[in-house]
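S.K.: following is a predicted model, sequence given first.
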Amino acid sequence: MTGFSGLFAFELKSDNLDKIKKFVNSLQLFKIGVSWGGHESLVYAPAISYLKELSPEQFKAMNISLGTIRMSIGLEDSDDLVRDLEECLAYVL
């Protein structure tokens, strides 16, 4: 990607909150955080934090999928980041 920021989102195929937590917690190079634009790569799963405060109905009304994952790419080697993601996706899903 050129001409864009390193912030993006994607959806896991799973709606299983335990699998989503396992995916996020299994990442080795991505830190959990919501502060975008730093030098380190970050990951955030809205369902993990929002469902502590909102009912499933309120969360659904926000039009965010349970499997939504937000990432900010930092300065780590891109091949290492891709490998980290591939390993966690294979392990969890």
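M.R.: Received the coordinates, thanks.

S.K.: now the strands for the protein?
M.R.: Secondary structure of the chain, counting by DSSP state E: strands at 7-11, 31-32, 42-44, 68-72.

S.K.: which strands or helices does the first one pack on?
M.R.: When contacts are defined as 3 or more CB pairs under 8 Å, 6 or more residues apart in numbering; DSSP states H and E, strand 7-11 packs onto strand 68-72. Every residue, glycine included, has its C-beta placed from N, CA and C.

S.K.: quick one: contacts for residue 14?
M.R.: Counting by CB atoms under 8 Å, 6 or more residues apart in numbering, residue 14 makes contact with 20, 67, 92-93.

S.K.: and the furthest pair within those residues?
M.R.: With CB to CB as the measure, no two of these lie farther apart than 67 and 92, at 11.2 Å.

S.K.: and the pLDDT for residue 3?
M.R.: Note on residue 3: pLDDT of 65.

S.K.: next: residue 60.
M.R.: On the pLDDT scale, residue 60 gets 84.

S.K.: quick check: it vs residue 35, distance?
M.R.: Distance, residue 60 to residue 35, using CB to CB, to the nearest Å: 26 Å.

S.K.: OK, contacts around the residue nearest the centre of the chain?
M.R.: With distances taken as CA atoms, centre = their mean, the residue of the chain nearest its centroid is residue 69 (3.2 Å). Going by CB under 8 Å, 6+ apart, residue 69 touches 9-12, 20, 23-24, 43-45.

S.K.: what subset of these is buried?
M.R.: With burial judged by 16 or more other CB atoms under 10 Å, the buried subset of these is 12, 20, 23-24, 43-45.

S.K.: same list, these, but as a markdown table with distance to residue 77 and pLDDT please.
M.R.: Listed next are the buried ones among the contacts of residue 69 as a markdown table, based on distance: CB to CB, whole Å; pLDDT from 0 to 100:
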| residue | distance to residue 77 | pLDDT |
| --- | --- | --- |
| 12 | 24 | 93 |
| 20 | 26 | 94 |
| 23 | 21 | 95 |
| 24 | 21 | 95 |
| 43 | 17 | 96 |
| 44 | 21 | 94 |
| 45 | 24 | 95 |
